[in-house]
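From the sequence below, what's the structure:
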Amino acid sequence: MKIAFLVWRFPVISEPFILNQITGLIDRGHQVDIYPCVVDQDASDKTTKVHPAVEQYRLLDRIYYAPKRPKNKLWRWFKAMGLLLANFYKNPSVCLQLVNAGKLCYRAIPFLGRGSYDIIHCQFGTLGLVGLSLRQAGILKGQIITTFRGIDISRYVQEHGNCVYNQLFREGEFFLANCQFFRQKALNLGCNPNQIIVHASGIDCRKFNFKPRYFPADGLVRILTTGRLVEKKGIKYCLIAIAKLSRIYPNIQFTIVGDGPLKTEFERQIKTLNISHLVKLIGWKNQRELIKILDNYHIFLAPSVTAADGNQDAPVNTLKEAMAMGLPVISTEHGGIPELVEDGVSGFLVPERDAEAIAEKLQYLLENPEIWQQMGSSGRNRVVQKYDMETLNNELVEIYQTLLLSQGTKGFNSSAITSLIVPVG
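Numbering: from 1, shown residues only. You can find the predicted model right below:
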């Protein structure tokens, strides 16, 4: 199959779930072309940290960047005309249509002359809208599959209204949601239940080796969280919980892996709480680095919350990775996370924004280290059963093939692939 992946940016170290699908499809013999749709990113952009698979699979050779748009409106128009003239021979009729297409003109340039695709996989609902616009303009041809992943079905809907995906639901061929929670949100917005299934984001379980966790001989319990430093990740409540716990158990270390707009605020909070000697902010790490870090820690926190702008999380990939490696986890009753963490079995779930509850569960784990091994083992089994990348990539190919066999017939019924739906429980 010839497959186009529409993404916002690429490569992005914080989106390994998209990378896993790309490399899985390449391993299975399919052609994958990657189209970053942010028009301020091009091949000259420098990415300081990338996943090793980007080099291993030579993915930079598969990327078709949209040209950058100048900030000056006049120069932006002149550059657009130059681009259209330079690419006119590839598709004259489309280039004429793009003369007054604004941002769509810049987004369209990489697709000119690329031919049609079997599958156009739009990796967020917002990209489904982009893909649909490109197809309507005759720039892009193929069956459109759109995956809802979180921000697109939560914050974006809150900002733009419940009707924002109406046209996409009418004209898109099929839809995936990375958890049942977001599938239900799509249904509530009007998506045909016969055109959407749950297809989770997977991890390569072979890379995340299980190790039983025991109370450390030196008595220093190492606690970890990782993610973008944004409101949705709930890190401020971790810091409050660590401060509370440290009054009883001062022999702890809390490490935060990640970066983002709230870094300065968290540094200030750490100082105010007087826990600078217990907390480390160590920035972004690639997957190899993160695996080494996880291997040396005992407990993992993922206290996601619904942000003020409505942004919500699916089952978090870093949480899956920690569970796969045997760490007992504490997370929240939030979004799709309860589909991953079985409360009291593979980890603990607490209410959103409840630092006291996080501290209580941390204290319970510190006082009952004998449950770490069993909890970690249950977590590993849960991840392998529901989120193994190889299994999910096989399912993705089957979804594509089933859609193509239907020849894009409207009303393609998900019952043809009912067995692929990831159960909630």
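
how far away is the closest residue to I120 other than its chain neighbours from E173?
Distance criterion Cβ to Cβ, 6 or more residues apart in numbering; nearest residue to I120, sequence neighbours excluded, is G142 at 4.3 Å. In this view, the C-beta of every residue, glycine as well, is placed from N, C-alpha and C. According to Cβ to Cβ, to the nearest Å, G142 stands 9 Å off from E173.

L134 contacts K141, correct?
No. L134 sits out of contact with K141 when judged by Cβ atoms under 8 Å, with a separation of 9.4 Å.

out of these two, which sits in the busier spot?
Neighbour totals were compared for L134 and K141, and L134 leads with 24 against 15 (other Cβ atoms under 10 Å).

and that one, what does it touch?
When contacts are counted by Cβ atoms under 8 Å, 6 or more residues apart in numbering, L134 touches L104, R107, A108, F111, L140.

Packing partners of the strand or helix carrying Q269?
Take DSSP states H and E as the rule and Q269 turns out to sit in helix 263-272. Helix 263-272 sits against helix 235-246, strand 279-281, with contacts defined as 3 or more Cβ pairs under 8 Å, 6 or more residues apart in numbering; DSSP states H and E.

ok, back up a step: tell me how many other residues surround the residue nearest to I120.
G142 has 21 nearby residues by other Cβ under 10 Å.

same thing with G113?
G113 has 11 nearby residues by other Cβ under 10 Å.

again, but for the one 5 residues further on
Taking other Cβ under 10 Å as the neighbour definition, D118 ends up with a count of 17.

Please tell me I have it right and it contacts L405.
No. If you go by Cβ under 8 Å, D118 and L405 don't touch, sitting 11.2 Å apart.

need the contact list for the closest residue to D33 other than its chain neighbours.
Spatial nearest neighbour of D33, excluding adjacent residues (Cβ to Cβ, 6+ apart): A4 at 5.2 Å. A4 makes contact with V32, D33, Y35, R114, Y117, I119, I120, H121, L140, G142, according to Cβ under 8 Å, 6+ apart.

circling back to that earlier point, okay, and the common contacts of G142 and E173?
By Cβ under 8 Å, 6+ apart, no residue touches both G142 and E173.

In terms of distance to D354, which of the contacts of L134 ranks first?
R107 (42.5 Å; Cβ to Cβ).

Find the nearest non-adjacent residue to the closest one, please.
A66 (5.1 Å).

confidence score at the one you found?
For A66, the model assigns a pLDDT of 81.

Hmm, C37 and it touching each other?
Yes. The pair A66 / C37 is scored as a contact, 6.4 Å apart, by Cβ under 8 Å.

These two: which has the busier surroundings?
A count of neighbours by other Cβ under 10 Å puts C37 above the other of A66 and C37, at 24 against 21.

Can you read off the pLDDT for that one?
84.

Just confirm it contacts W8, I think it does.
Yes. Between C37 and W8 there is a contact at 5.9 Å, judged by Cβ under 8 Å.

hey, what's in contact with both of the two?
L127.

isn't there a strand covering F5?
Yes. Counting by DSSP: H, G, I helix; E, B strand; the rest coil, F5 is part of a strand.

Between the two ends of stretch 295-306, what distance do you get?
Stretch 295-306 has an end-to-end distance of 29 Å (Cα to Cα, to the nearest Å).

Now do the buried residues in it.
Of the residues in stretch 295-306, Y297, H298, I299, F300, L301, A302, P303, S304, V305, T306 count as buried by neighbour count, 16 or more other Cβ atoms under 10 Å.

which one of these sits closest to V164?
Closest to V164 out of those is T306 (18.8 Å), distances taken as Cβ to Cβ.
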